[in-house]
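A.B. asks: Would you be able to build a 3D model of this:
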Amino acid sequence: MMDLCVKLLIEQNKETGYNDDLGKFWKMFQYLISSNQIHQDGDYKIVYSYEATRRFMENGVWKKEEVAWKERKTLFYMSTSRVFSLYKTQSLHEGDKPLPESTVEYYLRNSESFLFETKKESFKKIDPKYGTHESDESGKKKYTSTSALVFDFDKLNIALNETEANPDELTAEQAIKAATNEDKPF
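C.D. replies: Residues are numbered from 1 along each chain as shown. Sure, this is the predicted structure:
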């Protein structure tokens, strides 16, 4: 009985990776980018790196874990709060029935491309009306710290026009900035 349960659980997990509903979510995500409703570095970001920091709460204590790879990965960080809300709104606007947030999150977390969730990830604070990086009265750029789902971008099978530059084709300054996240306050 136990062997059968394990076999069926593994089979079900594989099926979530091919789920058409997840494909619809990513298509809607791409549409939201193309219509300037979600923004790079504000709602999602691409980082080229050999390592990443996972921040999480365990037993009431904040912890950090360094995750490293032998080869540089293209990491895709997605802040879910606005993305899920806009996905739902746009789906309803188009006459589709959106999946519940918990279902989308389940599919994302069980996809082959999912790496981990991290807390306190820094994103630019974007003015949703104009799509620009917000500044305070003194002109200092604003940032927000939120949870993010982190994916291996190469396994996502999505196309994001402005983010598809090969890191080897970046200028030296852009590559250093991308690798070190030097413009992020966290």
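A.B. asks: Could you report the neighbour count for the closest residue in space to Phe84 that isn't next to it in sequence?
C.D. replies: Nearest residue to Phe84, sequence neighbours excluded (Cβ to Cβ, 6 or more residues apart in numbering): Glu101, at 4.9 Å. In this view, the C-beta of every residue, glycine as well, is placed from N, C-alpha and C. Taking other Cβ atoms under 10 Å as the criterion, the count of residues near Glu101 is 14.
A.B. asks: Need phi/psi at Glu101.
C.D. replies: The phi/psi pair for Glu101 (degrees, to the nearest 10) reads phi -50, psi -40.
A.B. asks: Verify the stated contact: it with Leu86.
C.D. replies: No - assessed by Cβ atoms under 8 Å, Glu101 is found out of contact with Leu86, at 11.8 Å.
A.B. asks: before we move on, back to that, okay, the residue nearest to Phe84: pLDDT?
C.D. replies: Note on Glu101: pLDDT of 92.
A.B. asks: What separation do you get for it and Lys88?
C.D. replies: Glu101 sits 7 Å away from Lys88, taking Cβ to Cβ, to the nearest Å as the criterion.
A.B. asks: do the same with Trp26
C.D. replies: For Trp26, the distance to Lys88 - Cβ to Cβ - is 15 Å.
A.B. asks: beta partners of the residue nearest to the spatial centre of the chain?
C.D. replies: Residue closest to the mean C-alpha point of the chain, counted by Cα atoms, centre = their mean, is Met78 at 2.0 Å. Taking DSSP bridges as the rule, Met78 bridges to Tyr44, Leu149.
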